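Student: Sharing a model prediction with you, sequence too.
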Amino acid sequence: MSLPPLVEPAAELTVDEVRRYSRHLIIPDVGMAGQKRLKNAKVLCVGAGGLGSPALMYLAAAGVGTLGVIDFDIVDESNLQRQIIHGQSDVGRLKAESAAATVREINPLVDVVVHNVALTTDNVMEIFSGYDLIVDGTDNFATRYMVNDAAVLLGKPYVWGSIYRFDGQASVFWAEHGPCYRCLYPEPPPPGMVPSCAEGGVLGVLCASIGSIQVNEAIKLLTGIGDPLVGRLMIYDALEMKYRDVKVRKDPECVLCGKNPTVTELLEDYEAFCGVVSDEAAQAVSGSTITAAELKAMQDEGEDIFLIDVREPNEYEIVSIPGATLIPKGEFLNGTALEKLPQDRRIVLHCKSGARSAEALAIVKNAGFTDAVHLGGGVLSWVKTVDPSLPTY
Ligand SMILES: [Zn+2]
């Protein structure tokens, strides 16, 4: 399927621009007309993280005239393994600012627009409406569904990508010409079922593989060349070194882009739609959450507690709370953990940030350990408040 170009060509290229983009200009499919379209294009990259880094850098180098970057996060040392738009001296700096500086260094002809805010239901429509195309580099389901809904409601195409460990996926969602993200994934996964990169890890270079596919598709859409990834899902396995694409059909019953849509405006709360933790977990932690300082005090006072780390073994290896016994969350889900729990000591659960231990707490309480608690904020809050000399990840 070929689609018309998204953007009209700019009036002309300057001599500097002709010199800079000469390797594009001599490709017949791009040529002067294509490069002028890129110059006129306004592209927004949601997130300046793993996918946003290579995406922004190549979009800048390619000569996209206006490049928006939206991110409210701060560069952390643990980002540098894959978020190559940031460097060592950017640690502690706003990601959007750091990314904009790199873009300006790569190509001063690009007009960078910094959106140093969190993307919310209050601002997403207004921000998106200023752009021709969105590149989605977000890492959580709530934002993903919001990006999709806003793009469909505004009639805009967007290039989606996702990464986890050695696996990546990419597609172009454009309801006018094909399916949307909800056609592919009508329901968000149950909370806690799909681990994030912060929980499960990601091979740094995978970001480049998927980010470059996203830029490739962006350039094709902007200039109207090639066969865009509309209605196809690209699946990449870095360990097997295999790319394959599968057809994604527009779902006539899609609540957003189907024949009789029931979602005709943005949802009020995407976090609630995706359920950050399940209802059972939310109930379990209510009144049964302790702080890192309280845990430290319990240990110092010699309270008889049984501290359980529900993360995975390789996470435990990176950093662990002294005295914690490792029993991964999976063992709570399949029930084998319960026989390991002492009846005469108080159970204290923790994970990385508190989501997994909340799920485990619900199971433990259901099994009759009614005085069990979990550590709010997990090992991250332990490091922050009790022992900052420990590493985080
Ligand atoms: Zn749809």
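Tutor: Ah, there it is.
Student: Quick check: closest non-adjacent residue to the residue in the stretch 1-150 of the chain that the ion sits nearest to.
Tutor: The minimum distance from the stretch 1-150 of the chain to the ion, using Cβ to the ion, falls at Asn148 (8.1 Å). Yep, even glycine has a C-beta here, placed from its N, CA and C like the rest. Nearest residue to Asn148, sequence neighbours excluded (Cβ to Cβ, 6 or more residues apart in numbering): Tyr181, at 3.8 Å.
Student: Check Ser2 too.
Tutor: Computed as Cβ to Cβ, 6+ apart, the closest residue to Ser2 that is not its neighbour in sequence is Asp227, at 6.4 Å.
Student: From Glu217, how far out is that neighbour?
Tutor: In this view, Asp227 and Glu217 are 10 Å apart by Cβ to Cβ, to the nearest Å.
Student: who's more crowded, the two?
Tutor: Using other Cβ atoms under 10 Å, the more surrounded residue of Asp227 and Glu217 is Glu217, with 25 against 10.
Student: Relative to the ion, how far out is the residue nearest to Ser2?
Tutor: Asp227 sits 21 Å away from the ion, going by Cβ to the ion, to the nearest Å.
Student: So which residue is smack in the middle of this structure?
Tutor: Centre of the chain computed as the mean C-alpha position; nearest residue by Cα atoms, centre = their mean is Asp139, 0.9 Å away.
Student: Val159 against Leu221, yeah?
Tutor: Yes. Counting by Cβ atoms under 8 Å, Leu221 is a contact partner of Val159 at 7.5 Å.
Student: residues shared between the contacts of those two?
Tutor: Here Val159 and Leu221 have Leu133, Val172 as joint contacts, going by Cβ atoms under 8 Å, 6 or more residues apart in numbering.
Student: Phi, psi for Leu94 please.
Tutor: Main-chain torsions, Leu94, degrees, to the nearest 10: phi -60, psi 130.
Student: Report the beta-bridge partners for it.
Tutor: Taking DSSP bridges as the rule, Leu94 bridges to Ile74.
Student: residues in contact with Tyr270?
Tutor: Tyr270 sits in contact with Thr121, Ala142, Thr143, Tyr145, Met146, where contact means Cβ under 8 Å, 6+ apart.
Student: can you rerun that using 10 Å?
Tutor: Counting by Cβ atoms under 10 Å, 6 or more residues apart in numbering, Tyr270 touches 119-121, 124, 140-147, 149, 188.
Student: do Pro342 as well
Tutor: Applying Cβ under 10 Å, 6+ apart to Pro342 gives the contacts Asp304, Ile305, Phe306, Phe369.
Student: Please identify the residues of this protein in proximity to the ion?
Tutor: Within the chain, the residues that sit near the ion (Cβ under 5 Å from the ion) are Cys180, Arg182, Cys183, Cys254, Leu256, Cys257.
Student: so what strands line up beside the helix or strand where Ile163 lies?
Tutor: Counting by DSSP states H and E, the element that carries Ile163 is strand 158-164. Looking at strand 158-164 with DSSP bridges, its partner strands are strand 133-136 (parallel), strand 167-173 (antiparallel).
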